[in-house]
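Asks: sequence and computational prediction follow.
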Amino acid sequence: MGAEDLERETTSFDPKTWVDPKPVAAPAEDTPIEPAKSGGLKPAYIAAPVALLAIAGGAYCLWPNPTEGPAETQTAEATPDAASEPTPTPSTSVRIIQVRGVDDLGFSLEEMGVPTGDAFTMAEEAIAALGTQEQMRVAVELTEDGDAKAVRTISAELPNGTSVKLTRQSDGTFKRENILDAATTRVRSVTGTINQNTFYASAVEAGLPDSLTTPFAKAFSFDFDFQREVALGDTFSATWEETVTESGRNAAPPKLLYVRLDTAKGSKTYFAFTPPDESEQRWFDESGQGNERGLMRTPVDGARITSKYGYRTHPISRAQRKHNGVDFAAPTGTPIYASGDSTVLFAAPRGAAGNFIRLDHGEGMQTWYMHLNAFADGLQPGKAVKQGEIIGYVGTTGGSTGPHLHYEIRINGEPLDPLTFETSEVEALAGEALTMFTTQRDSTKAAINEGD
Ligand SMILES: [Zn+2]
């Protein structure tokens, strides 16, 4: 069974119209702010330290802390104010640079006027104390008496996101301490229209952070077939929480709180909530009913699915060819999810099906996935997979004319129409969990309104 059906694969999609599944570069939110696009790995001085530090005073307060002592002036070439500082201190300056490794830092310190021998010894000590050779943003605080410059502190934002400060001790070593970059949490909302070929492109254009497009689409993967039931002109809203440090970094990944999708098929609204005895947030509608079902309606990253205008008016034009499943057009490499909790029955190339996965959901129910570009690592018969887990990636192997997922639901071998197949809902929240949900839902609603 099956193989003969596979020969009938007649999908013809135009990949040229798709956006890149892995958009170039990370959005600014994950990138430390570079004061100057100095480029390259060579350390570069900030051209105008005074101007920069004026910014630094507001945006980069984690750098040498102005409240610590009178010597830590925030002006580049500080002229201690005799009136407020009875004891004149050596003037200090701060340089913010990008460095990678000992030599890089050593040369930079040397260029700043630190005597050569000291510069490299210090660089070695500092890099050892920072514990990484990777490129990072570093603020060097120098003290100077006449021509002699010495390093007082080195503050760095490590590649792992933590900020540390090294203070030079009298014995020449550095004392390392973590700096807490005060972070504030805020709630943001966007509303947009699907006016691009994919939900992904439309959402990013509307201002939804790139990293939230997939979780957004996944929230609706039980309700909507993103290929046929989401189209140009549909609207969406999302509200999320983000924790941003004073220096403009995301201190934590942004988290969706609320999602809404309005289509011709209908509207769905979900609120994020972590039930009391669970560790991860799930989606619940206004009344506390979870979004999950026995099987997903869109078992592929819906954000990447091509929503072409006109699909809705001719949703099953290929029906007369006895198509046993549904096709989801998405760029090669788009993740495919296990539609429900299951055990892998088959995961290998097979004729016209190309790279083919069959999952066993028990009670005679299976789901089939064809034409994959690749299988998820370690996927093999007998492996248990969870609903929503990535099992493979969209491709165009076997009898297929363009990258897409062919998806089937079979009960006792008989194909069912995934578009009309209804599976059971999970249990709704009740009791104390429902009370907690209601409270959180209302505060999310209030936050959305404030955000407007
Ligand atoms: Zn198909």
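Replies: Good, I have the coordinates. Residues are numbered from 1 along each chain as shown.

Asks: element containing whatever residue of the stretch 101-250 of the chain ends up closest to the ion?
Replies: Among all residues of the stretch 101-250 of the chain, Gln227 sits closest to the ion, at 10.8 Å; criterion: Cβ to the ion. Bear in mind the C-beta positions are built from the backbone N, C-alpha and C, glycine included. With elements taken from DSSP states H and E, nothing contains Gln227; it lies in neither a helix nor a strand.

Asks: can you check the one 4 residues further on too?
Replies: Of the helices and strands defined by DSSP H and E, none includes Ala231.

Asks: and the stretch 51-200 of the chain, which residues reach the ion?
Replies: Taking Cβ under 5 Å from the ion, no part of the stretch 51-200 of the chain reaches the ion.

Asks: near the ion, which residues of the stretch 251-400 of the chain are found?
Replies: By Cβ under 5 Å from the ion, the residues of the stretch 251-400 of the chain that approach the ion are Asp327.

Asks: follow-up on the earlier one: OK, contacts around the residue of the stretch 101-250 of the chain closest to the ion?
Replies: Contacts were defined as Cβ atoms under 8 Å, 6 or more residues apart in numbering; by that measure Gln227 touches Thr298, Ile305, Thr306, Ser307, Tyr311, Val326, Asp327, Phe328, Ala329.

Asks: now do 10 Å
Replies: 297-298, 300, 302, 305-308, 311, 315, 326-330, 404-405, 407, 419 (Cβ atoms under 10 Å, 6 or more residues apart in numbering).

Asks: could you give the mean pLDDT of the helix or strand harbouring Asp327?
Replies: Asp327 is part of strand 326-329, with elements assigned from DSSP H and E. Confidence over strand 326-329 (mean pLDDT, whole number) is 93.

Asks: now for that strand, which elements pack on it?
Replies: Helices and strands in packing contact with strand 326-329 are listed as strand 404-411; criterion 3 or more Cβ pairs under 10 Å, 6 or more residues apart in numbering; DSSP states H and E.

Asks: in the strand it packs on, what's buried?
Replies: By neighbour count on 16 or more other Cβ atoms under 10 Å, the buried set for strand 404-411 is His404, Leu405, His406, Tyr407, Glu408, Ile409, Arg410.

Asks: all strands in the stretch 301-450 of the chain, in order from the N-terminus.
Replies: 326-329, 335-337, 342-349, 355-362, 365-372, 374-375, 384-385, 390-393, 404-411, 414-416 (DSSP state E, counting those that start in this stretch).

Asks: for the ion, what's the nearest residue on this structure?
Replies: Nearest residue of the chain to the ion, counting by Cβ to the ion: His406, 3.3 Å away.

Asks: so who does that residue touch?
Replies: Residues in contact with His406, defined by Cβ under 10 Å, 6+ apart, are 5-6, 9, 11, 323-328, 352-354, 356, 368-372, 398-400.

Asks: setting the sequence-adjacent residues aside, check what's closest to it.
Replies: Excluding its sequence neighbours, the residue lying closest to His406 (Cβ to Cβ, 6 or more residues apart in numbering) is Met370, at 4.1 Å.

Asks: hang on, the earlier thing: just the buried members of the contacts of Gln227?
Replies: 297-298, 300, 302, 305-308, 311, 315, 326-330, 404-405, 407.

Asks: any weak-confidence spans in the stretch 1-150 of the chain?
Replies: For the stretch 1-150 of the chain, the stretches with pLDDT under 70 are 1-90.

Asks: let's see it at 50
Replies: 1-87 (pLDDT under 50).

Asks: wait, Thr438 sits on Gly288?
Replies: Yes. If you go by Cβ atoms under 10 Å, Thr438 and Gly288 touch, sitting 7.3 Å apart.
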